[in-house]
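Enquirer: curious how this folds, go ahead:
(one chain, ligands or ions: 2)
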Amino acid sequence: MIAPSLLSADFSNLARDIDMINRSEADWLHLDVMDGVFVPNISFGFPVLEHVARLCTKPLDVHLMIVQPEKFIREVKALGAMMMNVHYEACTHLNRVIYEIHEAGMKAGVTLNPSTPVSLLVDVIRDVDMVLLMTVNPGFGGQKFIEHSIDKVRELRRLIDETGSHALIEVDGGVNMETGRRLVDAGADVLVAGSTVFKAADQVAMIHQLKSL
Ligand code: DX5
Ligand code: ZN
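Expert: Ligands and ions are numbered 1, 2, ... in the order given. Here you go, the predicted structure:
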């Protein structure tokens, strides 16, 4: 599956870019919320996302790069989001946060920074619907893919298969046709792609190509 990331869209033409997503074969729209605390950048917040959600016909995959993400479960739910991803590193009581996201009627994803080991997921892997592996350090689009991520995807695939978890594997950062191919081969289910999609001359065609991986 392919989830284009709105972070690389043209913010002065959001409606046009969302219309492109709607017309494309994209499976989900990936939305990166930042707070300038958990990550060294600020992107967009709920007032903007309300408009995005109104225009977008694809399921919304919300990636919260913020401290205390549990404070915003209601706001994410109000967007009509399908998936709420919280960072492992941002949740002291991850088990409770996953429960609360499910209680709100959304799918729950747990996200790992590049330096956080897959092995730490052993006690939550059966409870989550998705694991989002960061393949760059979160905070910015257009960064270079971290090679070690391929091994992490393989390790996560093994953990999921061994435990009988139903979790999907999503990867985020530096995804292009080349890294995407290797990530899919390693076991990734969902590719997030920001600059690869939005910098392409033909964005709809690029989404089609990524889907063929
Ligand atoms: C980075 C975000 C990503 C970002 C990826 O912190 O989580 O979703 O948009 O951008 P690219 O695909 O350009 O690396
Ligand atoms: Zn993201």
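Enquirer: around ligand 1, pick out the residues from this structure.
Expert: Where the chain comes near ligand 1, counting by CB under 6 Å from any ligand atom, the residues are 5, 7-8, 30, 32, 63, 136, 138-143, 172-175, 192-196. Backbone N, C-alpha and C define where each C-beta goes, glycine included.
Enquirer: so which of those belong to helices?
Expert: 195, 196 (DSSP state H).
Enquirer: quick check: beta-bridge partners of the residue of the chain found nearest ligand 2?
Expert: With CB to the ion, the shortest gap between the chain and ligand 2 falls at residue 63, namely 3.8 Å. According to DSSP bridges, the partner residues bridging residue 63 are residue 32, residue 85.
Enquirer: give me the neighbour count for residue 12.
Expert: Counted with other CB atoms under 10 Å, residues neighbouring residue 12 total 7.
Enquirer: so it, which state does it fall into?
Expert: Three-state call for residue 12 (DSSP: H, G, I helix; E, B strand; the rest coil): helix.
Enquirer: ok, for residue 131, nearest residue in space, not its chain neighbours?
Expert: residue 167 (5.4 Å; CB to CB, 6 or more residues apart in numbering).
Enquirer: was I right to think residue 43 contacts residue 32?
Expert: Yes. Using CB atoms under 8 Å, residue 43 is in contact with residue 32, at 5.3 Å.
Enquirer: list residues touching both of these two?
Expert: In the contact map built from CB atoms under 8 Å, 6 or more residues apart in numbering, the residues linked to both residue 43 and residue 32 are residue 7.
Enquirer: quick one: which of the two has more around it?
Expert: Applying other CB under 10 Å to residue 43 and residue 32 shows that residue 32 carries more neighbours, namely 25 against 21.
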